[in-house]
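Engineer: I need the structure of the sequence given here:
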Amino acid sequence: HLFFLSLLSLQIHIIDFDDENNIINKNVLLHQAGEIWHIGASPADKAVLTTCYNKTCDSRVVSCAAVWRMPSDWETGSHESPDDSAHNPKSLELLCHLDSSTHGNAACVLWEPMGDGKRMISLADNHALLWDLQESSTQATVSSTATLEGKGQLKFTMGKWSPHHNCSQLATANDTTVRGWDLRTMSQSYCIENAHGQLVRDLDFNPNRQYYLASCGDDCKVKFWDVRNVQEPIKTLEEHSHWVWSVRYNHSHDQLVLTASSDSRLILSNMVSISSEPFGHLVDDEELSEGEDNHQQDKCKEPLKDSVVSTFEEHEDSVYEAEWSSADPWLFASLSYDGRLVINRVPRALKYRILL
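Structural biologist: The predicted structure follows:
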């Protein structure tokens, strides 16, 4: 299980978790271009990643974005010891810059979900830029752009690329507003004004229900939306007592939702009523019309109840990020302001209840 992290520094720490032996190995790579604010891993090549970083240019700080490759001889576990990479770290190899300087400061870079690693979107001030990477990833060209228009100096704070609809949908946040974009026309498809009472911090699409979107923000709330009707959220969670920085759906079992907050807590919720398995298993209309016995139908009538599964309090400072492992649906990591990385598992009882 690999997790990339950087603590607003000139280094990227690669955490390799061996879950069989419960051992964490750490390797360090240098990122000498500037202080890192955002990392994105290629869905097609585990050695390629993007960063958004700050650098000083003509005595002012600007935010840039670039695509990098890990050193060719780098491989997890190939160092004599983790200490070697910390004392003699190797540098990332620059593949290309995503030069958005004419559009503004880069906030984040999003890879096309489940793509071939050739398309990405960068958000820079009030512009969304769709990039095409060339075969060797050493050159990127802007294929289309969208602009956030309105009163005042509007700026994107973050975005999420939907894995549904042939990856043609993008959701973005600016201030308290969430917007949807159609990437085929680069036009706005929906707008949720005042989605949160204060700044929207994060978004995530349900991997199994194509119209469902989760958001979180500085109003301490997590909200779930059906983007076909954005007048009201379909569900709201109010379990945190401070800003909620991160919300993540489990990649396989979408009833499992992680939220991280500056109340120093990480919460795992079982949002089964709005999941793809509201009755404990996948149900479609055909299945229910095939003349199952009444007892089985009675069992399926009532959706299971939503609940907080676990509250994790190993952090002593604001928890800024939570992320599920891409290799194991029951494993997740969280990172707090003080640099503490915590790896946890879904409680075994819930895991077996979902599987069985």
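
Engineer: C-alpha from now on. contacts and neighbour counts both.
Structural biologist: Noted.

Engineer: pLDDT below threshold where in the stretch 1-150 of the chain?
Structural biologist: The model of the stretch 1-150 of the chain has pLDDT under 70 over residues 1, 74-87.

Engineer: need the helices for it, in chain order.
Structural biologist: The residue ranges that make up the helices of the stretch 1-150 of the chain, judged by DSSP state H, counting those that start in this stretch, are 82-87.

Engineer: for it, what spans make up the strands?
Structural biologist: Counting by DSSP state E, counting those that start in this stretch, the segments of the stretch 1-150 of the chain that form strands are 2-5, 11-18, 23-30, 35-41, 48-57, 60-69, 90-91, 93-97, 106-111, 119-124, 127-133, 140-147.

Engineer: Of all those strands, which one comes closest to Phe156?
Structural biologist: Smallest distance to Phe156 across those (Cα to Cα): 6.5 Å, for strand 119-124.

Engineer: picking that back up, output the strands of the stretch 1-150 of the chain as a markdown table; include the columns mean neighbour count and distance to Thr177.
Structural biologist: Shown next, in a markdown table, are the strands of the stretch 1-150 of the chain (neighbours: other Cα atoms under 10 Å; distance: least, Cα to Cα, whole Å):
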| stretch | mean neighbour count | distance to Thr177 |
| --- | --- | --- |
| strand 2-5 | 18 | 28 |
| strand 11-18 | 18 | 32 |
| strand 23-30 | 18 | 36 |
| strand 35-41 | 20 | 21 |
| strand 48-57 | 20 | 23 |
| strand 60-69 | 20 | 23 |
| strand 90-91 | 18 | 38 |
| strand 93-97 | 17 | 29 |
| strand 106-111 | 25 | 16 |
| strand 119-124 | 24 | 15 |
| strand 127-133 | 21 | 15 |
| strand 140-147 | 17 | 15 |
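
Engineer: Pull the contacting residues for Asn206.
Structural biologist: Counting by Cα atoms under 8 Å, 6 or more residues apart in numbering, Asn206 touches 212-214, 249, 254.

Engineer: wait, Leu130
Structural biologist: Leu130 makes contact with 119-122, 142-145 under the criterion Cα under 8 Å, 6+ apart.

Engineer: from those, which single one is nearest Lys160?
Structural biologist: Taking Cα to Cα as the measure, Lys160 sits nearest to Ile121 out of those, at 9.5 Å.

Engineer: And the closest residue to that closest one other than its chain neighbours, how far from Met120?
Structural biologist: On the basis of Cα to Cα, 6 or more residues apart in numbering, the spatially nearest residue to Ile121 that is not a chain neighbour turns out to be Leu130, at 4.5 Å. Taken as Cα to Cα, to the nearest Å, the spacing of Leu130 relative to Met120 amounts to 6 Å.

Engineer: do the same with Ile24
Structural biologist: Spatial separation of Ile24 from Met120 under the definition Cα to Cα is 31 Å.

Engineer: Other residues contacting stretch 182-194?
Structural biologist: Residues external to stretch 182-194 that are found in contact with it (Cα under 8 Å, 6+ apart): 144-146, 168-170, 176-181, 227, 230-231.

Engineer: I'd like to know which of those residues are buried.
Structural biologist: Judged by neighbour count, with 16 or more other Cα atoms under 10 Å as the criterion, the buried members of the contacts of stretch 182-194 are 145-146, 168-170, 176-181, 227, 230.

Engineer: quick one: strands adjacent to whichever strand or helix holds Cys216?
Structural biologist: Element membership of Cys216, judged by DSSP states H and E, is strand 212-217. According to DSSP bridges, strand 212-217 forms sheet pairs with strand 200-205 (antiparallel), strand 222-226 (antiparallel).

Engineer: will you turn those strands into TSV that also has mean pLDDT, distance to Gly150 and mean neighbour count?
Structural biologist: Output for the strands paired with strand 212-217, formatted as TSV (pLDDT from 0 to 100; distance: least, Cα to Cα, whole Å; neighbours: other Cα atoms under 10 Å):
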stretch	mean pLDDT	distance to Gly150	mean neighbour count
strand 200-205	98	18	25
strand 222-226	98	23	22
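
Engineer: mind giving me TSV with those strands and columns for distance to Ala106?
Structural biologist: Putting those into TSV (distance: least, Cα to Cα, whole Å) gives the following:
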stretch	distance to Ala106
strand 200-205	16
strand 222-226	26
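
Engineer: Please name the nearest non-neighbouring residue to Asp116.
Structural biologist: Beyond its immediate neighbours in the sequence, the residue positioned closest to Asp116 (Cα to Cα, 6+ apart) is Ala44, lying 5.3 Å away.

Engineer: right, and that neighbour touches Glu112 too?
Structural biologist: No - using Cα atoms under 8 Å as the test, Ala44 is too far from Glu112 to be in contact (9.8 Å).

Engineer: which of these two has more neighbours?
Structural biologist: With neighbours defined as other Cα atoms under 10 Å, Ala44 and Glu112 compare such that Glu112 has more, 22 against 15.

Engineer: I'd like the distance between that one and Asp218.
Structural biologist: When Glu112 is compared with Asp218 (using Cα to Cα), they lie 27 Å apart.

Engineer: Farthest-apart pair in the contacts of Leu130, please.
Structural biologist: Within these, Arg119 and Thr145 form the most distant pair, 13.2 Å apart (Cα to Cα).

Engineer: Tell me how many other residues surround the nearest residue to Pro329 once chain neighbours are set aside.
Structural biologist: Nearest-residue entry for Pro329: Ser252, 6.3 Å, with adjacent residues in sequence omitted and distances by Cα to Cα, 6+ apart. Neighbour count of Ser252, defined by other Cα under 10 Å: 14.
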